[in-house]
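just a sequence and a predicted model for now, questions to come.
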Amino acid sequence: MESYENFEEKVKKISNIQQAAAVLGWDQEVMMPEEGIKPRSQQKSALTSVTHGLMTDKKLGELIEQLEDEDLSEEQRANIREVKREKKKAVKVPEDLLKKISETESEAVDAWKKSREQDDFQKFAPHLEKMVELKREYAGHIDPDEEPYKVLFKDFEPFIRFETMEEILQTLKDRLTEITEKIKESDSSLEKGAFKGQFSEEKQKKLNRELVEALNFDFSRGRLDVSTHPFTSGNRYDTRITTRYNEQDLSKSILPTVHETGHGLYNQGLPEESFGVPAGSSRDLSVHESQSRLWENHVARSKPFMKFLLPKLREKFPEQFEEVTADECYESVNQVYEDNPIRVEADELTYHLHIVVRFELGKELVNGDIAVEELPEKWNDKMEQYLGFRPENDAEGCLQDIHWGWGNFGYFPTYTVGSVLAAQIFEAASQDIDSLDQKIEEGEFDPLLEWLRENIHSKGKVLKTEDLIKEATGRKPTPEPFISYIEEKYSDLYSL
């Protein structure tokens, strides 16, 4: 069908430009020289402008209208649906505004890095204020009758209702707070120091590469590098993951690396035949986070994985791990700390209270209920309210995450929704795969990856989020498997 072929040609051109912009973004975080920020800002802005022009092209709109009445396959209809949704947003937003957002993003991220390193919020505040204003304006163009944060959330998760996300966050906030209080009252004492010591960055890099390879990440189609804040970008042919290293706590390198590997495996498992169109792209952020959280929490934080990991630890760091047991490793990575200010280093319980802090403050910022200058104090107040302590400085407080520098307001809730989906997906995989725990213990990760490839990765964006999860697990998204998993795991750990 000639009209559909023309449609795909236009969509693939847009996709190629977006992927080029992603490589520039990766380079900025990993390799770009410090003084490169000004031209990089202009380069990314130029690509944003070109993409917007192609997406708002009248001919693309005419092709979509024509094809909606044609007899198309499920995949073709999905491509039409997804591009139409993006085009509908694009035509509402002025090109100049998108260019300003792109330019501000590069400058804001650069300022965030320096601000975080120097623990000086004021260096970042003007850039954050500008970004908040621009994203508020962006949301107003898309839907002037809706509160801005809701509009921005849909950019990251269009197929889970905002109210459903709020219900999930509230359910977890209430239930996890109850469990955390019981743990505080428990007499159980877990091992805390199995991963503490002195670990050279060079040996950590070798260990992490071995782990990433063991999980079946394909280095012929990917990279592992270092960045200030771990992230993943790319496509099935070129997936780039980053991590960071801590020479005093090995777990602070291992867990983020596995997390990003989960993202990378998803990218590499997308359908080859649909590359460049939505059917060959990952579903939205909640599903993407479900893959990273599944590998990080349900695999890497498990006792079977610790039995697999320990021989590798003893090989790389014999002095530190000669007397350490797998049970002690398991306890250490699942220890609930009452005073950990860093989200990416948090346990599975308090992690989601960190997300609630970001959700509530991000919403208040974008909706105009608080000013940027109030953020450090408001952040510390909420940390004290939900987690029982105040961060010692802004680097451990409101400056720890890169996301708002990127302008990603509405992103943080997808981490919690992703964790909920991860538990539901892993529960279904465990029912389908015989002796999955034993396979993980023996380093046989292929069966789990193959299950994910068949039920999640290969679907691309053909199905909407709820339909994808229902088809994979037998029911629509629900927090019940996550709550059951948490209750069983931590009741056992802390004898609750």
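Cool, the structure landed. Model, not experiment: these values are computed from the prediction.

so who does H127 touch?
104, 107-108, 111-112, 405 (C-beta atoms under 8 Å, 6 or more residues apart in numbering). Where you see a C-beta, it was placed from the backbone N, CA and C, and this is true even at glycine.

swap the cut-off to 10 Å and go again
Counting by C-beta atoms under 10 Å, 6 or more residues apart in numbering, H127 touches 104-105, 107-112, 115, 372, 404-405.

so which of these wins on neighbours?
For those, counting by other C-beta atoms under 10 Å, the largest number of neighbours falls to W404: 28 neighbours.

excluding covalently adjacent residues, which one is nearest to E364?
Counting by C-beta to C-beta, 6 or more residues apart in numbering, the nearest residue to E364 once its immediate chain neighbours are dropped is I370, at 4.5 Å.

hmm, that neighbour is touching L361, no?
Yes. Using C-beta atoms under 10 Å, I370 is in contact with L361, at 7.3 Å.

who touches both of those two?
In contact with both I370 and L361: K378, using C-beta under 10 Å, 6+ apart.

can you pull out the helices in the stretch 201-350 of the chain?
Secondary structure of the stretch 201-350 of the chain (DSSP state H, counting those that start in this stretch): helices located at 201-214, 251-268, 285-293, 303-316, 318-321, 326-334.

before we move on, the earlier item: higher neighbour count, I370 and L361?
The neighbour count for I370 versus L361, taken as other C-beta under 10 Å, is higher for L361 (21 against 16).

biggest separation within the contacts of H127, which pair?
Farthest-apart pair in the contacts of H127 is D110 and V372; separation 17.4 Å (C-beta to C-beta).

quick revisit: assign the residue nearest to E364 to helix, strand or coil.
Secondary structure, DSSP: H, G, I helix; E, B strand; the rest coil: I370 is coil.

quick one, grab the pLDDT at it.
According to the per-residue confidence, I370 scores 97 in pLDDT.

so how far is R314 from it?
Per C-beta to C-beta, to the nearest Å, I370 is found 50 Å from R314.

now swap in A395 and tell me
If you go by C-beta to C-beta, the gap between A395 and R314 works out to 34 Å.

between these two, which one's more packed in?
A395 (18 against 15).

now do the contacts for that one.
Contacts of A395 (C-beta under 10 Å, 6+ apart): 115-121, 341-342.

please convert the buried members of those residues into ChimeraX selection syntax.
For the buried members of the contacts of A395, the matching ChimeraX selection, counting by 16 or more other C-beta atoms under 10 Å, is:
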select :115,116,121,341
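
now the contacts of A395 in CSV, with distance to E129, pLDDT and secondary structure?
Below are the contacts of A395 laid out as CSV (distance: C-beta to C-beta, whole Å; pLDDT from 0 to 100; DSSP: H, G, I helix; E, B strand; the rest coil):
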residue, distance to E129, pLDDT, secondary structure
S115, 13, 96, helix
R116, 17, 95, helix
E117, 20, 94, helix
Q118, 19, 95, helix
D119, 19, 96, coil
D120, 15, 96, coil
F121, 11, 97, helix
P341, 24, 92, coil
I342, 24, 90, coil
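
nearest to Y237, of the contacts of A395?
Comparing these against Y237 with C-beta to C-beta places R116 closest, at 32.6 Å.

taking the contacts of H127 one by one, which sit in helices?
Under the assignment DSSP state H, the contacts of H127 contribute 104-105, 107-112, 115, 404-405 to helices.

specify which member of the contacts of A395 is nearest to S253.
For the contacts of A395, the nearest to S253 is I342 (13.5 Å; C-beta to C-beta).
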